[in-house]
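Trainee: starting from these lines, generate the structure:
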Amino acid sequence: MIKFIDLFSGTGGFRLAIEKICHIYKIDSQCVFSSDIDINAQKIYSENFEETPIGDITKIDENDIPDHDILLGGFPCQPFSICGELKGFEDTRGTLFFDIARIIKNKQPSAFILENVKQLQGHQQGQTLKIIINTLKELGYYTDYKILNALNFGLPQKRERILIVGLKNKNHYHNFNWPLIKMPMQPLSEILEKSVSEFYYASEKIRQNRLQKVKPEQKYDQPTIWHENKSGNISIYPYSCALRAGASYNYLLVNGERRLTEREMLRLQGFPESYKIVGSYQTMRKLTGNAIAIPCVATVIDSVINAILVNLNVKKISHSHTLYGNEV
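Mentor: Residues are numbered from 1 along each chain as shown. Okay, here's the model as predicted:
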């Protein structure tokens, strides 16, 4: 039995990933605690997992959190108040990472896997990440990080995220290897819905505006997704740029014509077809924009669990394409 906690749980992508990997290893798994302050995240999590995450993690006593083997969490990127010498744990007070750190310090799980935006690496000239890594090492964990792109794990979405892995046992850490898998990209045609309501289509004015911005040399065969950056430049790809919670409604347009549907956004993050949609379109854009790319994270969880179990000679079912596709 692997017990885990799901911090900043959002849509439950981490949970889906670890439950799938444990199934592959024929190991029972149990989520013993989940937390998210966002009411819409609580609702969709409750609908899909039949349990409601606890609210504000800053108000939860770490002693009240059940013991667990693996801590999972995609935490916000926040600045630290840096005054002189970097002190590690004490420098993190007042941030949500501090709450992760205090739970790790108290509960001492065998491993943790954390996710954040790629920009964390350069945040505050690299000082934010340095404090995070120093803190986790200070707490007694062998820690490493790597930037991974969802495009390399079968999803047609360019989504680069930093993954931070920590293992308590030195031997486990030496057994751990970052996934080197580079899966063929799932075609957009398998992601996009065949029949879409007029609700999702951009106005004629916006569509014409996009066409006028396309450079003559840009060649494209449908289906494609048109991406408009902050400068107003249009890029056309056979995949999506990263889904973003706070982006404009017309940031990504399928074939330059329409917005992604709720189901398409979930598919781009690797969620299964059985995952229930809860809330308005705006709500789902925010939730999926904040979600993790499940196949990408699943491979890291796979490597962590394998590192822990390798000396126990535990056999796992052979990987199938479903681990990295929308059946996760």
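
Trainee: what is the mean pLDDT for stretch 232-242?
Mentor: The average of the pLDDT scores along stretch 232-242 is 93.

Trainee: list the contacts of it.
Mentor: Applying Cβ atoms under 8 Å, 6 or more residues apart in numbering, the contact partners of stretch 232-242 are 151, 156-160, 185, 187-188, 210, 213-215, 218, 220-221, 223-229, 252, 256, 260, 268. C-beta here means a position set from N, CA and C on the backbone, and glycine is covered the same way.

Trainee: dump that stretch to PDB, restricted to CA.
Mentor: As requested, the backbone C-alpha atoms of stretch 232-242 are provided in PDB (Å, rounded to 0.1, in the frame of the first residue of the first chain):
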ATOM      1  CA  GLY A 232       0.300  40.100 -31.200                       C
ATOM      2  CA  ASN A 233       2.300  37.800 -33.400                       C
ATOM      3  CA  ILE A 234       0.700  34.700 -34.600                       C
ATOM      4  CA  SER A 235       2.300  31.200 -34.600                       C
ATOM      5  CA  ILE A 236       0.700  28.200 -36.200                       C
ATOM      6  CA  TYR A 237       1.500  24.700 -34.900                       C
ATOM      7  CA  PRO A 238       0.200  21.200 -35.200                       C
ATOM      8  CA  TYR A 239       0.100  21.300 -31.300                       C
ATOM      9  CA  SER A 240      -1.100  23.700 -28.700                       C
ATOM     10  CA  CYS A 241       1.100  26.100 -26.800                       C
ATOM     11  CA  ALA A 242       0.700  25.800 -23.000                       C
END
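
Trainee: and it, which residues are buried?
Mentor: Buried positions in stretch 232-242, judged by neighbour count with 16 or more other Cβ atoms under 10 Å: 234, 236, 237, 239, 240, 241, 242.

Trainee: do the same with stretch 171-178
Mentor: By neighbour count with 16+ other Cβ under 10 Å, stretch 171-178 contains the buried residues 172, 173, 175, 176.

Trainee: my read: the third one touches residue 309, true?
Mentor: No - with contact defined as Cβ atoms under 8 Å, residue 175 does not reach residue 309; the gap is 9.0 Å.

Trainee: from residue 100, how far off is the nearest residue to residue 141 once chain neighbours are set aside?
Mentor: Leaving out its chain neighbours, the residue that sits closest to residue 141 by Cβ to Cβ, 6 or more residues apart in numbering is residue 166, at 3.6 Å. Remark: distance between residue 166 and residue 100 (Cβ to Cβ, to the nearest Å) = 10 Å.

Trainee: which neighbours do the two share?
Mentor: residue 112.

Trainee: how many neighbours does residue 127 have?
Mentor: A count of nearby residues for residue 127, using other Cβ atoms under 10 Å, gives 15.
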